[in-house]
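Trainee: Need coordinates for the below:
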Amino acid sequence: MATVKIDGGDTTYDCGSEDTLLRAALRAGLQISYECNSGGCGCCKVRVLEGEVENLFPEAPALTERDLRKGFVLACQNKCASDGLVLKTRLETWNPKLLKPARFTATLAQKIEIASDLIEFVFSIEHDVDYLAGQFFMLNIPGVGERAYSNSSIATGSREIKFVIKRMPVGRGSNYLFTEAVIGDEFGCDGPYGHSYFRDDVKRDVVLVAGGSGLSPMLSILRYLSVNPSIARGVQFYYGAKALNELNEEYIREAAVGLGDRFSLSCGLSGSEEECGDWRGEKGFIHEVVDRNLQNYNDNEFYLCGPPPMTAAAQKHLMVERKVPFDQVHFDRFF
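Mentor: Numbering: from 1, shown residues only. Just a heads-up that it's a prediction; the model follows:
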């Protein structure tokens, strides 16, 4: 067990051989800035002042040549390689209710086909895991490694956790889960992680904007609100897909059944005429659907999840074009 010190004070934490600098800090209750936990966003870069690290992902795209020359590393992709490591970073205070991530075993119990190339994977777990609606976990896939997946379930004592996953043509993780994983297989899981969790202390109504497997954390939020009627929020859900066979409105409505008339769903398809088939609803990218339908932007709390181009377009629309305050827009960047 190595000891890591944060420069400029007396703060230290232990980092075991199985943990990265970031995860060990989070397990110790320290909040180093991060988002994707996968080496893509660069939010967790720290500067190594003393000691050595082991880089697990040297080709990670998040660091520039200038960052490397100055001694920066990604906390999510580096382990301790010596004791007495000293890091220069600023600790955050964004989450006073921080949940420390933990490792556990998840056993595949069910595969529920939602739409074309979209499955909700249900895992049983031996002990309940504390997490907030909308957070994500790292699932360790045999022969592939860890992949970040947002949960679609809520912690209700059922001893299960769910992930909605889209099969990607070149996605090794999703292809393994779709074609090779069988009921009863065990997977290592680590979490929770992420900042785009539902804020029950915020009284504003809720707008959810998602595309593809970004459905997963939105189902988590809808299911959480459905079983907690005392959290009286109006919820507008905008969901985008490319083709008609990628859409299952009924599955979404089932997750929101407890919300009654406080819930509304607007879906949009962005594909070709052939892909859209006999669809008579909204067409275009989902941020365009939001623009055509949403009123009173600043009266809402926004949660975004989906492919990077979709979330980037939605962020621009909300924060740049509609001037929604940054602290009312929540998302975790995935790459």
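Trainee: got a list of what the closest residue to V324 other than its chain neighbours touches?
Mentor: Nearest non-adjacent residue to V324, counting by Cβ to Cβ, 6 or more residues apart in numbering: L318, 4.5 Å away. For the C-beta atoms, the positions are set from N, CA and C on the backbone; glycine is no exception. Neighbouring residues of L318 by Cβ atoms under 8 Å, 6 or more residues apart in numbering: 297, 302, 324, 329.
Trainee: In a helix, L318, correct?
Mentor: Yes: counting by DSSP: H, G, I helix; E, B strand; the rest coil, L318 is located in a helix.
Trainee: Could you report the distance from it to R333?
Mentor: To R333, L318 is 15 Å away according to Cβ to Cβ, to the nearest Å.
Trainee: How far off centre is the top helix by length along the chain?
Mentor: Counting residues, the longest helix in the chain under DSSP state H turns out to be helix 215-226. Computed by Cα atoms, centre = their mean, to the nearest Å, the separation of helix 215-226 from the middle of its chain amounts to 13 Å.
Trainee: Other residues contacting it?
Mentor: 114, 118, 120, 133-136, 149-154, 162-165, 196, 198, 206, 208, 210, 231, 233, 235, 237, 239, 252, 255-259, 263, 303, 305.
Trainee: Buried members of those residues into ChimeraX, please.
Mentor: Listed next is the ChimeraX selection for buried residues among the contacts of helix 215-226, using 16 or more other Cβ atoms under 10 Å:
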select :114,118,120,133,134,135,136,149,150,151,152,153,154,162,163,164,165,196,198,206,208,210,233,235,237,239,252,255,256,259,263,303,305
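Trainee: Go through the contacts of helix 215-226 and flag which are in helices.
Mentor: Mapping the contacts of helix 215-226 onto helices (DSSP H) picks out 252, 255.
Trainee: Grab the nearest non-local neighbour of L244.
Mentor: Nearest residue to L244 in three dimensions, chain neighbours excluded: G277, at 4.4 Å (Cβ to Cβ, 6+ apart).
Trainee: Show the contacting residues for the one you found.
Mentor: By Cβ under 8 Å, 6+ apart, the neighbours of G277 are 243-245.
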